[in-house]
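Chemist: need a structure here:
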Amino acid sequence: MTNKLFQSLFVAAILFFVGASTSFAQDNTPEESVSYGAFTLYGNFPLSEEFKDQAKFGGGLGFEGAYYFSPLIGFAYSLDAQVNPYNKEAKDVSFGGVNLGGVEDAQPWVYGNLMGGIELSFPITPVVAPEFRALGGVMIARSPEVEYQALGANIATTEATTAAAFAYSISGGLKITNYDSGSAFRVGVRYLSATPKFDYGNNQEQKLNMSSAQLYVSFAFLSRK
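Modeler: Numbering: from 1, shown residues only. Okay, here's the model as predicted:
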């Protein structure tokens with residue numbers, strides 16, 4: 001429920017800012033298309049209840065960009081890798097302050113995304129432009145190896161496994177451009193979602209909604225056409 005509400009509010013906010021930015025863009029539309037490639041850092045917060053129960057705040061690194069075939073719209077792409085530590089505390093079982101069992105040790109969640117789609121950019125000044133993206137592609141995720149304990153003794157281990165799934169993202173932010181140096185600074189938020197199905201063997205499977213809200217900062221190199 002929280003996840004769907006966040007999606008609805010995020011899409012509504014982007015549509016509002018697209019509409020508002022269009023009116024500013026009429027007097028600031030660049031005369032040429034300016035494409036870019038960018039190195040990007042992410043901080044991500046798990047959103048879905050099932051993902052929050054197994055993952056903590058994490059981060060990532062990526063390369064993304066956009067090829068503008070007109071001054072205001074272009075083909076956007078993104079390649080990134082993300083890591084979230086396992087939420088071991090959520091699995092602890094205690095009584096009277098004594099830990100009876102839970103997770104002894106766990107690897108982090110690791111996943112990569114390759115996506116493409118559309119980017120819109122509406123300059124509100126000659127150097128400042130809101131940007132909006134809608135991308136789709138694939139996520140390849142590795143679930144962590146998890147060791148469980150009870151009363152201090154190891155009782156079971158879940159092996160790591162890998163799964164692929166369709167992924168999509170919706171994002172919005174600001175791009176601040178320095179045309180003299182041919183560079184730009186980007187900052188914004190991204191909603192990312194995918195639901196991989198992990199097969200652990202012996203008829204044990206887990207279908208996990210790995211949705212997250214992400215903050216990004218990015219340094220871009222410009223290419224004019």
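Chemist: ok, for the residue nearest the centre of the chain, nearest residue in space, not its chain neighbours?
Modeler: The centroid of the chain falls nearest to residue 192 when counting by Cα atoms, centre = their mean (4.3 Å). Closest residue to residue 192 apart from its sequence neighbours, by Cβ to Cβ, 6 or more residues apart in numbering: residue 169 at 4.6 Å. Quick note: C-beta positions are derived from backbone N, CA and C, even for glycine.
Chemist: residues near the one you found, how many?
Modeler: When neighbours are counted by other Cβ atoms under 10 Å, residue 169 registers 23.
Chemist: what lines up beside the strand or helix carrying it in the sheet?
Modeler: Applying DSSP states H and E as the criterion places residue 169 in strand 161-178. Strand 161-178 has these partner strands in its sheet, going by DSSP bridges: strand 128-143 (antiparallel), strand 183-194 (antiparallel).
Chemist: just the strands in the chain please.
Modeler: Applying DSSP state E to the chain gives strands spanning 34-46, 58-68, 73-84, 93-95, 98-106, 109-121, 128-143, 146-150, 153-158, 161-178, 183-194, 197-201, 204-207, 212-224.
Chemist: what sits against the closest residue to residue 177 other than its chain neighbours?
Modeler: Nearest residue to residue 177, sequence neighbours excluded (Cβ to Cβ, 6+ apart): residue 184, at 4.4 Å. Contacts here follow Cβ atoms under 8 Å, 6 or more residues apart in numbering; on that basis residue 184 touches 36, 38, 175, 176, 177, 178, 219, 220, 222.
Chemist: mind checking how far the residue lying closest to residue 109 once chain neighbours are set aside is from residue 64?
Modeler: Nearest non-adjacent residue to residue 109, counting by Cβ to Cβ, 6+ apart: residue 84, 4.4 Å away. Distance of residue 84 to residue 64, given as Cβ to Cβ, to the nearest Å: 20 Å.
Chemist: which residues of this structure score low on pLDDT?
Modeler: By pLDDT under 70, the weakly predicted segments of the chain are 1-33, 90-102, 151-153, 224-225.
Chemist: of the contacts of residue 184, grab the buried ones for ChimeraX.
Modeler: Selection of buried members from these for ChimeraX, criterion 16 or more other Cβ atoms under 10 Å:
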select :36,38,175,177,220,222
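Chemist: widest-spaced pair of the contacts of residue 184?
Modeler: By the measure Cβ to Cβ, 38 and 178 form the most distant pair in the contacts of residue 184, at 13.5 Å.
Chemist: okay, and the beta partners of the closest residue to residue 38 other than its chain neighbours?
Modeler: Once flanking residues are discounted, residue 38 sits nearest to residue 220: 3.7 Å by Cβ to Cβ, 6+ apart. Taking DSSP bridges, one obtains residue 38, residue 184 as the residues bridged to residue 220.
Chemist: wait, what's in contact with residue 137?
Modeler: By Cβ under 8 Å, 6+ apart, the neighbours of residue 137 are 78, 113, 114, 115, 116, 166, 167, 168.
Chemist: hmm, 10 Å instead?
Modeler: 77-79, 113-117, 166-169, 194 (Cβ atoms under 10 Å, 6 or more residues apart in numbering).
Chemist: perfect, that will be all.
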